[in-house]
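[1] I would like the atomic coordinates for the input below:
(chains A, B, C and D)
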Protein chains: 2
Amino acid sequence: MPTIKDVARIANCSISTVSYALNNDRRIPEKTANRIKKIADDLGYLPSAAARNLKKQNTNTVLVAISDFGGPVYHELLDGIHHKLGKNKYTMIVSTGFSTENLLKEKTVDGAIISDINITNKTLKQVSKTFRPIIILDRSLDDENIFDMTIDNHNAMYRLTNDVLSKGYRKIAFVHGVKKTFDNESRFAGFNHALNEHGLSVYQEFVGNFTKPSGQKIAQEILNQNEQPDMIVCANDEMALGIMETLQINGKNIPGDYGVSGFDDIELSRYFKPSLTSVRINRFSWGERIADTLIHLMKSESTSAQKAHGELIIRESY
Amino acid sequence: MPTIKDVARIANCSISTVSYALNNDRRIPEKTANRIKKIADDLGYLPSAAARNLKKQNTNTVLVAISDFGGPVYHELLDGIHHKLGKNKYTMIVSTGFSTENLLKEKTVDGAIISDINITNKTLKQVSKTFRPIIILDRSLDDENIFDMTIDNHNAMYRLTNDVLSKGYRKIAFVHGVKKTFDNESRFAGFNHALNEHGLSVYQEFVGNFTKPSGQKIAQEILNQNEQPDMIVCANDEMALGIMETLQINGKNIPGDYGVSGFDDIELSRYFKPSLTSVRINRFSWGERIADTLIHLMKSESTSAQKAHGELIIRESY
DNA sequence: GTGAAAGCGCTAACAC
DNA sequence: GTGTTAGCGCTTTCAC
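    Residues are numbered from 1 along each chain as shown, chains lettered A, B, ... in the order given. Next up is the predicted model:
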């Protein structure tokens, strides 16, 4: 493993000259710089990030922490973040679970974007104390160096619910995802907001966990009860899809017997029969804005962290 | 930002004692160790990975490089890798594109798992020269410190094609993904192998790029030509799905007018009507085996890198 | 334009 | 059981 020392020895100069040359410092004439670069290249020299990070006290790396790689919603978001980060010479790494905790605590990154509810507020606050900015997408949390760029769930669900109401539905059930999560509570709040304005309140409530199987289970509950809703508003698409599937297997028509709506607009929702009405967030540009904000924050420049807005995608499911 | 020095000062001992205590060295009595740990905790001390990495010349981190976050096939694989890595106290980071190049070259990781055809062989060889093992999943490449744990595409496609033949199909078209990629060529080879054994050869060939839109375009080509195949074997599910969709839109029946098959068994394939016959790889246990092998390699222990085998999932599409 | 040297925050060999 | 110290591979200040 050649180090900067080896390059210096062979180039017959000091390590500082090598360092300057490799980092394109203006003081080194182009000719010398090229000679040194050539030698470094021939030697297979690659600088050590550990040494540079230690000296410079930064890593030029941004962490994106997600709750799992399976969710169908991260793709565009990550692409958007990566795209903007690349333009600004940052490296992006993605992690989950215990790996995220390690990375955050060991100062391996200059900034982080968190969309993983399993990371505790305590960890977040502890880490942000070291003056590395953190943008959160999965909760609201007020703390210095922690910035909220969540989706404006409330407003989007409010608009969706108003659309549902305009279609004449009145016995409206709500299917929760994991309770107390930001996404669930804010979506439910937007739903209630619209209902209340019409002098209505939720007809029935069910609690799932944002997954398809939980939707399937809830559909069974619905089928087994006496009072039947005419509309089922779900906190996300995956549960809505599970509900529709089970309802259909049991001979029900959608939207004939029940209207159903989702949230997130995952790919499957477009292909399911009937296609699912949902809320779409342009996650690529959301990601770009997130990265942009984080870059400003890491440079201690002022910016404002803004929420993402959803677009109603009306399809055939109610 | 407190460092080990600050902890030592407050604990009124040397930095080596702090280091030993924090790393649970047996020499430090539990009582002292606990006192020091408490002080470190109160101070909000977090060790610096950069310093430790520089000193120890390793990072305890494994990189998984994927070509994009959108592919529906990575989820289980990453979970399997992460699971096994966690059991062995390694941190996993995931990256794409330019970020992967940076990470690999700067020795930020002790080992890497590559499933990104955009990373050049040159980079791989250069990096593996530093004696960090690399496992490749997206190509065959013979080099020291580079280990092949690809899917045994040839064998799986051979078995699928034999099943197709046993159903009586004889005018069999093959839809390529990106040419010259390992996945495409090895699948095509397995396909040909089976055909040749029956004294047949491919009826027609089309070239897509592993995406759904490319499948849709190919379906149009098929519809516009005179000679019609009775079976369309595709190099992956996404293209197969695109083909089926376009064929159906144009009034064709599957499997009545054409049989279709895929490869990968992505989630959508189960829900599409007709459901798609495909090849499933248990990616979780594949991931576990990959991580296990890499761990051995990083410890310079001997192991054998083995390929992954696919399971035929027979459904309704031919 | 180039070099010497300090020092980033740790680990671990060695001394006591 | 605890402390002293060298040194990991860089960047950067300061001299010349």
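[2] now the strands: where do they sit in chain A?
    With DSSP state E as the criterion, chain A has strands at A:61-66, A:91-95, A:111-115, A:134-136, A:146-148, A:172-176, A:204-207, A:231-234, A:259-261, A:278-281, A:310-313.
[3] wait, does the fourth one contact chain B?
    No. Using Cβ under 8 Å from any Cβ of the partner chain, strand A:134-136 stays clear of chain B, coming no nearer than 14.3 Å. The C-beta positions use only the backbone N, C-alpha and C, and glycine is treated the same way.
[4] Point out the other helices and strands that that strand packs with.
    strand A:111-115, helix A:121-128, strand A:146-148, helix A:283-298 (3 or more Cβ pairs under 8 Å, 6 or more residues apart in numbering or on different chains; DSSP states H and E).
[5] same thing but 10 Å
    The contact analysis (3 or more Cβ pairs under 10 Å, 6 or more residues apart in numbering or on different chains; DSSP states H and E) places strand A:134-136 against strand A:61-66, strand A:111-115, helix A:121-128, strand A:146-148, helix A:283-298.
[6] Indicate whether the third one makes contact with chain B.
    Yes. With Cβ under 10 Å from any Cβ of the partner chain as the measure, helix A:121-128 is seen reaching chain B through A:125-127.
[7] ditto for the fourth one
    No. Contact between strand A:146-148 and chain B, assessed by Cβ under 10 Å from any Cβ, is absent, since the two come no nearer than 15.4 Å.
[8] and which of the residues of helix A:121-128 next to chain B is nearest A:N23?
    The nearest member of the residues of helix A:121-128 next to chain B to A:N23, counting by Cβ to Cβ, is A:V127 at 29.2 Å.
[9] what about that closest one, neighbour count?
    25 (other Cβ atoms under 10 Å in any protein chain shown).
[10] Over to A:T32?
    15.
[11] can you tell me which residues contact it?
    With contact taken as Cβ atoms under 10 Å, 6 or more residues apart in numbering or on different chains, A:T32 is in contact with A:11, A:13, A:17, A:20-21.
[12] Same list (those residues) but as TSV, adding pLDDT.
    Shown next, in TSV, are the contacts of A:T32 (pLDDT from 0 to 100):
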residue	pLDDT
A:A11	94
A:C13	95
A:T17	96
A:Y20	96
A:A21	96
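[13] how's chain A carved up into domains?
    A:4-55, A:61-150+A:283-308, A:153-280 (automatic domain parsing).
[14] Adding distance to B:F284, write these out as JSON lines.
    Below are those laid out as JSON lines (distance: least, Cβ to Cβ, whole Å):
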{"stretch": "domain A:4-55", "distance to B:F284": "31"}
{"stretch": "domain A:61-150+A:283-308", "distance to B:F284": "11"}
{"stretch": "domain A:153-280", "distance to B:F284": "17"}
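[15] of all the residues of helix A:121-128 next to chain B, which comes closest to DNA strand D?
    A:V127 (22.9 Å; Cβ to the nearest atom of the strand).
[16] right, and that closest one touches A:A112 too?
    Yes. Counting by Cβ atoms under 10 Å, A:V127 sits close enough to A:A112 to count as a contact (7.5 Å).
[17] At the contact with DNA strand C, which residues of chain A appear?
    By Cβ under 7 Å from any atom of the strand, the residues of chain A that approach DNA strand C are A:12-17, A:20, A:27-29, A:32, A:51, A:54-55, A:57.
[18] Could you turn the buried ones of those residues into a PyMOL selection?
    To isolate the buried subset of those in PyMOL, counting by 16 or more other Cβ atoms under 10 Å in any protein chain shown, use the following:
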select buried, chain A and resi 13+17+20+28+51+54
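[19] ok, and which of the residues of chain A next to DNA strand C reach DNA strand D?
    Taking Cβ under 7 Å from any atom of the strand as the test, DNA strand D is in contact with A:15-16, A:20, A:51, A:54-55 out of the residues of chain A next to DNA strand C.
[20] just curious, which of these is nearest to A:D163?
    For these, the minimum distance to A:D163 (Cβ to Cβ) is 55.5 Å, reached by A:L54.
[21] what residues are up against that closest one?
    Contacts for A:L54 were tallied using Cβ under 10 Å, 6+ apart; they are A:48, B:48-55.
[22] try 6 Å this time
    B:50-51, B:54 (Cβ atoms under 6 Å, 6 or more residues apart in numbering or on different chains).
[23] Specify which member of the residues you listed is nearest to DNA strand D.
    Of all these, B:L54 has the smallest distance to DNA strand D: 4.2 Å, by Cβ to the nearest atom of the strand.
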